[in-house]
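> Fold the following and give me the result.
(one chain, ligands or ions: 3)
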Amino acid sequence: MTSSRVLVLNSGSSSVKYQLLDMSDGSRLAMGLVERIGEETSRLKHTPAGGASREWNGSIADHDAALKAVAEELSRDGLGLDSPELAAIGHRVVHGGKHFTEPTVIDDAVLAEIERLIPVAPLHNPANLTGIRTAQALRPDLPQVAVFDTAFHTTMPESAARYAIDVETADEHRIRRYGFHGTSHAYVSRATAELLGKSPEEVNVIVLHLGNGASASAVRGGRCVDTSMGLTPLEGLVMGTRSGDMDPAVIFHLMRVGGMSADEIDTLLNKKSGLIGLCGDNDMREIRRRIDEGDESAQLAFDIYIHRLKKYIGAYYAVLGRVDAVAFTAGVGENASPVREAAVAGLEELGLVVDGELNAVRSDEPRLISPEHARVAVAVVPTDEELEIATQTYALVKGSENLT
Ligand SMILES: Nc1ncnc2c1ncn2[C@@H]1O[C@H](COP(=O)(O)OP(=O)(O)O)[C@@H](O)[C@H]1O
Ligand SMILES: CC(=O)OP(=O)(O)O
Ligand SMILES: [Mg+2]
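Numbering: from 1, shown residues only. Ligands and ions are numbered 1, 2, ... in the order given. Modelled structure (predicted):
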């Protein structure tokens with residue numbers, strides 16, 4: 001039997017998203033999500049292809065338990081991890097540093113490097129590691145592949161990747177801008193070119209990945225030339241719980257005058273800032289609902305979010321010189337039409353216009369929301385990090401099989 005299935009695990013700080021795909025035809029056999037891992041009540045939602053979703057609420061202490069629960073759900077549909085049809089398991093790994101520019105088969109040295117990078121991705125890399133180790137224990141014979149969030153951004157020129165700090169200090173501590181969500185930026189920039197009927201080499205695209213974590217990228221002819229996240233996923237846009245850009249002196253001030261420790265400030269900026277810090281909610285649906293009721297702090301949080309987003313659109317327009325498309329993606333970008341409308345409002349001089357009717361359409365398909373003949377295409381392009389990870393994983397595993 002030829003094995004053509006790939007299981008993809010996207011382990012976040014408190015969640016695991018997963019998909020089982022058959023790469024012979026790209027079909028999805030099952031997908032699901034474990035949320036609120038480590039909290040009192042966690043939730044597992046599993047959806048087999050063509051079947052009804054099953055939901056389970058209970059305590060799931062950590063990512064190890066989460067993955068075992070996922071394996072059990074898959075077994076109930078006859079899709080267990082013991083299946084000989086499984087060719088590989090693909091893992092999203094958030095921080096790959098400068099070293100990993102391609103998807104990589106995981107061995108002990110790769111695991112050690114992912115572990116070494118924990119200080120610069122404390123919310124993500126530990127969860128990724130647990131996912132990998134549990135998967136290895138369940139199927140030690142299978143290739144496990146790491147697909148790095150940072151890989152797509154390794155093409156950034158030094159002028160964009162370096163901070164303007166003392167070079168020796170930066171080099172000693174490997175301080176540079178790595179960028180994240182690269183799998184999504186790669187997938188969406190390619191899909192945007194396709195939507196325009198062009199090849200990726202022909203187009204310049206600004207991708208706005210607006211999920212709970214959010215980042216922008218400038219993609220020239222298929223290669224990333226700048227992105228908004230930096231050494232860690234804290235820099236850049238206003239996010240659900242992260243501050244994004246800020247004068248770094250705020251940190252010294254909080255230490256010296258506020259008496260806060262480095263760990264406390266880390267938690268403040270990563271988990272208690274952004275939209276949740278500004279108005280108490282990090283879900284854009286809830287923020288829009290409150291704005292409709294006249295809530296002023298929700299309105300201010302929205303305005304700050306949009307102001308930052310607009311600055312990045314302008315900045316990346318300048319970086320690229322010519323822009324063919326601006327693509328909105330991820331939870332907020334795909335669903336929140338008021339965010340898309342507000343982000344490009346007033347940018348007509350740059351050729352950026354959103355058509356109200358097109359913007360209001362709800363769909364899972366890539367689509368244009370700019371009027372016909374607009375100078376710059378504005379698009380909504382749903383991301384599919386799991387499909388992209390599966391595609392890269394399968395190509396790597398089958399490629400190396402053909403060599404042997
Ligand atoms: N219908 C919607 N309208 C507005 N915002 C939405 C909608 N659905 C999801 N979102 C936003 O998307 C966010 C989650 O995005 P997602 O890309 O799944 O994030 P992550 O991968 O970081 O968990 C939610 O926090 C919420 O703000
Ligand atoms: C890197 C990052 O911010 O990821 P996420 O949006 O999944 O938190
Ligand atoms: Mg995400």
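> Is ligand 2 within reach of stretch 144-160?
Yes: counting by C-beta under 6 Å from any ligand atom, contacts between stretch 144-160 and ligand 2 involve D149. In short, each C-beta sits where N, CA and C put it, glycine included.
> Show me what counts as buried in that stretch.
Residues of stretch 144-160 classed as buried: 144-156, 160 (neighbour count, 16 or more other C-beta atoms under 10 Å).
> What of stretch 101-117?
Buried, per 16+ other C-beta under 10 Å, within stretch 101-117: P103, T104, I106, V110, L111, E113, I114, L117.
> what's the weakest-modelled helix or strand in this structure?
The helix or strand of the chain with the poorest confidence is helix 385-403; it has a mean of 90 (mean pLDDT, DSSP states H and E).
> phi, psi of G32?
Torsion angles at G32 (phi, psi; degrees, to the nearest 10) stand at phi -180, psi -180.
> Next: N57.
phi -120, psi 130.
> residue ranges with poor pLDDT in the stretch 301-404 of the chain?
403-404 (pLDDT under 70).
> need the helices for it, in chain order.
In the stretch 301-404 of the chain, the helices defined using DSSP state H, counting those that start in this stretch lie at 330-335, 337-344, 356-360, 385-403.
> Tell me the buried residues in the shortest one?
Within helix 356-360, the residues scored as buried using 16+ other C-beta under 10 Å are L358, N359.
> The one residue in the chain that gets nearest to ligand 2: neighbour count?
Closest to ligand 2 within the chain is G213: 2.3 Å, counting by C-beta to the nearest ligand atom. Using other C-beta atoms under 10 Å, G213 is surrounded by 26 other residues.
> related to what we said a few turns ago, now pLDDT, secondary structure and distance to H91 too, for the buried residues of stretch 144-160, in TSV please.
Shown next, in TSV, are these (pLDDT from 0 to 100; DSSP: H, G, I helix; E, B strand; the rest coil; distance: C-beta to C-beta, whole Å):
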residue	pLDDT	secondary structure	distance to H91
Q144	97	strand	6
V145	98	strand	7
A146	98	strand	5
V147	97	strand	7
F148	97	strand	10
D149	96	coil	11
T150	97	coil	14
A151	96	helix	13
F152	97	helix	16
H153	97	helix	18
T154	96	helix	18
T155	96	helix	22
M156	97	coil	24
A160	98	helix	27
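> who in the stretch 101-250 of the chain is up against ligand 1?
Contacts of the stretch 101-250 of the chain with ligand 1, taken as C-beta under 6 Å from any ligand atom, map to G211, N212, G213, G240.
> The residue of the chain closest to ligand 2 against P233, yeah?
Yes: between G213 and P233 there is a contact under C-beta atoms under 8 Å: 5.6 Å.
> joint contacts of these two?
Overlap of the contact sets of G213 and P233 (by C-beta atoms under 8 Å, 6 or more residues apart in numbering) consists of F180, R242.
> So which of the buried residues of stretch 101-117 is the closest to A377?
P103 (29.6 Å; C-beta to C-beta).
> ok, which stretches of the stretch 151-300 of the chain are helices?
Remark: helices assigned in the stretch 151-300 of the chain by DSSP H, counting those that start in this stretch are 158-161, 167-172, 182-195, 249-256, 262-271, 274-279, 284-292, 296-320.
> just to revisit the earlier point, what would the buried residues of stretch 101-117 look like in a markdown table with secondary structure and pLDDT?
As requested, the buried residues of stretch 101-117 are exported to a markdown table (DSSP: H, G, I helix; E, B strand; the rest coil; pLDDT from 0 to 100):
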| residue | secondary structure | pLDDT |
| --- | --- | --- |
| P103 | coil | 96 |
| T104 | strand | 97 |
| I106 | coil | 97 |
| V110 | helix | 97 |
| L111 | helix | 97 |
| E113 | helix | 95 |
| I114 | helix | 96 |
| L117 | coil | 93 |
